[in-house]
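K.L.:
have a look at this prediction, sequence included:
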2 protein chains.
Amino acid sequence: MSRTLSRDIAQHIGETTTIKGWLHKKRLMGGLTFINVRDRAGLTQVLVEDKKEVEKLRGLHIGTVLEVTGAVVEDERAPGGAEIHDPTLKITMPVTDEPPIEIDKPIQHKAENLDTLFEYRVLNVRNLQEQNIFKVRAALAKYIREYLNDNEFVEIHTPKILGAATEGGAEVFKLDYFGKEATLAQSPQLYKQIMVGAFERVYEIAPAFRAELSATTRHMSEVYMLDIEMGFVDGHDEVLDTVGNMTQYALTKTYEELAAALKSMNAPELVLPEDGKVPRFTVAEIHEMYTKATKTDTRDEKDLIPDEERWISEYARKQLHSDLVFATEFPIEAAKFYHKVDAEKGVVAWGDLLFRGVEIATCPLRENDYTAMIEQMKKAGLDVDHPGYKYYLQAFKYGLPQHGGCGFGIDRLVQKTTGLKNVKEATLFPRDINRLTP
Amino acid sequence: MSRTLSRDIAQHIGETTTIKGWLHKKRLMGGLTFINVRDRAGLTQVLVEDKKEVEKLRGLHIGTVLEVTGAVVEDERAPGGAEIHDPTLKITMPVTDEPPIEIDKPIQHKAENLDTLFEYRVLNVRNLQEQNIFKVRAALAKYIREYLNDNEFVEIHTPKILGAATEGGAEVFKLDYFGKEATLAQSPQLYKQIMVGAFERVYEIAPAFRAELSATTRHMSEVYMLDIEMGFVDGHDEVLDTVGNMTQYALTKTYEELAAALKSMNAPELVLPEDGKVPRFTVAEIHEMYTKATKTDTRDEKDLIPDEERWISEYARKQLHSDLVFATEFPIEAAKFYHKVDAEKGVVAWGDLLFRGVEIATCPLRENDYTAMIEQMKKAGLDVDHPGYKYYLQAFKYGLPQHGGCGFGIDRLVQKTTGLKNVKEATLFPRDINRLTP
């Protein structure tokens, strides 16, 4: 018999139908046995009265895979508006051990539950609430790609095994590559800039690897990054507009598609600027505003302090009706060798995209002049003859237009969209200094 | 002045417009200077007569970034149906060195050119023909995702850094993970099966890492894989139908979107079965047919020999009007511990998808019974108490439905779609035993 998904059973009221799924809950009420069957679309409630059928469930636990064929009866209180009565059960895979966690109860996302969460990740992701996090994740990735494809960005696939550490300073993972030392890519930075020379606009959504020694709520050693790079931009604002518009598009579409799921997770309401333009403030402006508002003087700080990120986000949400805000014009000390520096102003054309109090993307303009680049590399103490730079510099030597882009943390975007406290909770199987399994 | 893309200039005939791009070609004809300007959409021809403007180009080479403002004049022979006359040139980034390769000439894809191809990859991907390979690649990935999203597959992101080598035998890369030994994922096999327990249908397109010691035209140490897994399948045919339909969808849409590009690359014409069902033959049937047709007796072979893969593909294309064909029912010796074995028939429910002579996907059904699984693992000499299996086995112990899926090589799909001889040519920056850069 062909299968009906839980979400569709109300279309079969008065008919006999078959559902297939997992035993999700079993309870006795006034001598009646009610079971919930879970499938990819949700839950169906089944009332089992026949003794022979009840008997089939004896000794079986949550997770048992089964087929249920029975009469579909309207019931407003049941999920999907209908339930199945008088069923014949077919156990296709019995579970004879009791699961170590209660799958039908949502996991409380608290710091002290984190180890348990991942110890039983395999099972707790069978909880419908927990699944919603990863449906939001998939939807955000889908709509980001949709926006970029529609705007003529070409998806590229760049290597994750690299020859030698190029970006000095940051921690990289090292591996043995047929007897040679290789490293894992911290970002596709150099490759995506190279590809501007071919396609003008490129993007990649892929894992990136960072040997982060810190065990904070913000850091993992394996992250999913969206990397964007676009050429022939008129200025930094064009980069910020593109990233801002893409993010608004992805959030809006995700909130539409998964409205019920987001509501049931108590995700914050989505607040986006009415004119469609993500507000932007320079770092100096934020320091001024924050100092005035909080009496904590940050005007000597170079970067934003974490509390300023939260404060400006709060300000943007309340005063400017925007969950998103850009911090721009970072002090020149923040510049890496590939950034475009405005020496006169003493700033770098860099924009941090903040979303609900956390930086989710950094969006700088790049230096595109070969000669200036060589100078900046030397100034930064880099060896311009390092083989790791050879092909990168080729791209500049033979002509790159003004370009900029962003490194955008998918994990953080998911975390803040769903309202989770820790970025690891937005990840199926996080990797950090303490976690290498599951 | 706002920018017109090369593909749109014919819409501006009789007007003055600005194009921005790279100097792609420069030639003198009868005292006139013609230049081609490349942008992300193609080429525009520009006729420069004014001595002052011609002078601006002196000493500048291909790759120079420039803006051209001039009159758009209809010209049927020019790319785009129009060219620009009497322009004012603005050099935004000069190239003062001659590039080491001729960018306007397509690269000859020959084995002996491979080293040169990658030595100058950064520049040769600026060639429009070469770009087409990667536009095909992006389109295939886009349409694969589109098909899977539309069929309720959830995109998942699984970790690439793993704790310990689990799949015995195959070569894995090892890395130092904060003082512990870790490995790079050869596939998301275990994770995607685990996720069937939550979402029923999942997929991931991501890099996978294989320490392949062989330097063939088919192998790389970093590959892009599509991994699919689907639960509650009625049998192996449902898995094959899904993978077959998805592949046909992605190919058909890509051939539609990039018809001109594929034609200009001399990509083979796309031939798909009229009834929409990818033909399938058992390995035993193929041995019989091949032996009969070629007088080479392969009936004692376990697996298909490479010439049989070519032969059955040729047969399917000519006799059954299909570029795709499945080889099914592999001998039991081919089974890994997680495969579903038909002990009576002595075969494993495994299907290889062949495309134009090459295997691009393996699509087996999985064992989903916890007890049978433990037995198969022990039989295969695996340590069922290995920490690498702990969470995987949890998924089985607490209920997995019948499921199957595929590991699908994106690189090979691109290679055979575009008609390239070597899978590395379908990859921007391939990694193999000899190549760790660029």
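P.N.:
That came through fine. Note that this is a predicted model, so its numbers are computed, not measured. Residues are numbered from 1 along each chain as shown, chains lettered A, B, ... in the order given.
K.L.:
quick one: mean pLDDT over whichever strand or helix holds residue A:239.
P.N.:
Applying DSSP states H and E as the criterion places residue A:239 in helix A:236-257. In this model, helix A:236-257 has a mean pLDDT of 98.
K.L.:
Provide the partner residues of residue A:176 in its beta bridges.
P.N.:
Beta-bridge partners recorded for residue A:176 (DSSP bridges): residue A:181.
K.L.:
that one: how many residues sit nearby?
P.N.:
Residues lying near residue A:176 (other CB atoms under 10 Å in any protein chain shown) number 13. Placement of C-beta: from N, CA and C, glycine included.
K.L.:
and the pLDDT for it?
P.N.:
89.
K.L.:
show me which positions of the helix holding residue A:239 end up buried.
P.N.:
Going by neighbour count (16 or more other CB atoms under 10 Å in any protein chain shown), the buried part of helix A:236-257 is A:236-237, A:239-244, A:246-251, A:253-255.
K.L.:
give the contact list for the nearest residue to residue A:272 once chain neighbours are set aside.
P.N.:
The spatial neighbour of residue A:272 that comes closest, neighbours along the chain excluded (CB to CB, 6 or more residues apart in numbering or on different chains), is residue A:248 at 5.4 Å. The contact partners of residue A:248, taken as CB atoms under 8 Å, 6 or more residues apart in numbering or on different chains, are A:272, A:276, A:278, A:324.
K.L.:
what of residue A:188?
P.N.:
Counting by CB under 8 Å, 6+ apart, residue A:188 has contacts A:156, A:158, A:204, A:206, A:208, A:225, A:227.
K.L.:
without its sequence neighbours, what residue ends up closest to it?
P.N.:
Per CB to CB, 6+ apart, closest to residue A:188 is residue A:158, 4.2 Å.
K.L.:
which parts of the stretch 101-250 of chain A are helices?
P.N.:
Per DSSP state H, counting those that start in this stretch, the stretch 101-250 of chain A carries helices over the ranges A:114-119, A:121-124, A:128-150, A:189-199, A:236-257.
K.L.:
turn the ones you listed into a markdown table, including distance to residue B:117.
P.N.:
Below are the helices of the stretch 101-250 of chain A laid out as a markdown table (distance: least, CB to CB, whole Å):
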| stretch | distance to residue B:117 |
| --- | --- |
| helix A:114-119 | 44 |
| helix A:121-124 | 43 |
| helix A:128-150 | 27 |
| helix A:189-199 | 14 |
| helix A:236-257 | 32 |
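K.L.:
quick one on the thing from earlier: now, the contacts of residue A:248 that are in strands?
P.N.:
residue A:324 (DSSP state E).
K.L.:
between all of the contacts of residue A:248, which two are separated the most?
P.N.:
A:276 and A:324 (11.0 Å; CB to CB).
K.L.:
look at those two and report which has more neighbours.
P.N.:
When neighbours are counted by other CB under 10 Å, residue A:324 comes out ahead of the other of residue A:276 and residue A:324, with 25 against 10.
K.L.:
re earlier: ok, is the helix or strand that comes right after the helix holding residue A:239 in contact with chain B or not?
P.N.:
As assigned by DSSP H and E, the chain's next helix or strand after helix A:236-257 is helix A:259-264. No: counting by CB under 8 Å from any CB of the partner chain, chain B is not contacted by helix A:259-264; separation bottoms out at 12.3 Å.
K.L.:
buried sites along helix A:259-264?
P.N.:
A:261-262.
K.L.:
so which residues make contact with the helix or strand that that helix is followed by?
P.N.:
Proceeding C-terminally, helix A:259-264 gives way to strand A:280-282 as the next helix or strand, assigned by DSSP H and E. By CB under 8 Å, 6+ apart, the residues outside strand A:280-282 that reach it are A:240, A:289, A:312, A:325-329, A:347, A:351.
K.L.:
which SSE is residue A:87 in?
P.N.:
Here residue A:87, judged by DSSP H and E, is contained in strand A:82-93.
K.L.:
show me how chain A divides into domains.
P.N.:
A:6-93, A:128-426 (automatic domain parsing).
K.L.:
so what's the gap between the last one and the chain middle?
P.N.:
Distance of domain A:128-426 from its chain centroid, counting by CA atoms, centre = their mean, to the nearest Å, is 13 Å.
K.L.:
likewise for the first one?
P.N.:
The chain centroid and the centroid of domain A:6-93 are separated by 34 Å, computed with CA atoms, centre = their mean.
K.L.:
what is the end-to-end distance of it?
P.N.:
The straight-line separation of the ends of domain A:6-93 (CA to CA, to the nearest Å) is 19 Å.
K.L.:
now do that domain, average pLDDT.
P.N.:
The average pLDDT within domain A:6-93 is 94.
K.L.:
quick one: it near chain B?
P.N.:
Yes: counting by CB under 8 Å from any CB, chain B is contacted by domain A:6-93 at A:20-23, A:39-41, A:61-65, A:92-93.
K.L.:
same question, stretch A:402-421
P.N.:
Yes: judged by CB under 8 Å from any CB, stretch A:402-421 and chain B are in contact via A:402, A:410.
K.L.:
what sits up against stretch A:208-219?
P.N.:
Residues from elsewhere that reach stretch A:208-219 (CB under 8 Å, 6+ apart): A:111, A:160, A:170-173, A:184-188, A:220-225, A:358, A:412, A:421-424, A:432-434, B:160-161, B:178.
K.L.:
what mean pLDDT does that stretch have?
P.N.:
On average, stretch A:208-219 scores 82.
K.L.:
buried residues in that stretch?
P.N.:
Counting neighbours by 16+ other CB under 10 Å, stretch A:208-219 gives A:208-212, A:218-219 as buried.
K.L.:
identify the bridge partners of residue A:38.
P.N.:
Bridge pairing for residue A:38 - DSSP bridges - gives residue A:22, residue A:43.
K.L.:
once you drop chain neighbours, what's closest to the residue of the stretch 51-200 of chain A found nearest chain B?
P.N.:
For the stretch 51-200 of chain A and chain B, the shortest gap (CB to the nearest CB) falls at residue A:63, measuring 3.3 Å. In space, and not counting its chain neighbours, residue A:63 is closest to residue B:399: 3.3 Å by CB to CB, 6+ apart.
K.L.:
so the one you found: helix, strand or coil?
P.N.:
Secondary structure, DSSP: H, G, I helix; E, B strand; the rest coil: residue B:399 is coil.
K.L.:
who's in contact with it?
P.N.:
Taking CB under 8 Å, 6+ apart, one finds A:22-23, A:63-65, A:93, A:95, B:197 in contact with residue B:399.
K.L.:
may I have the phi/psi pair for it?
P.N.:
phi 100, psi 100 (degrees, to the nearest 10).
K.L.:
next one: residue A:318
P.N.:
Backbone torsions for residue A:318, taken as degrees, to the nearest 10, come to phi -80, psi -40.
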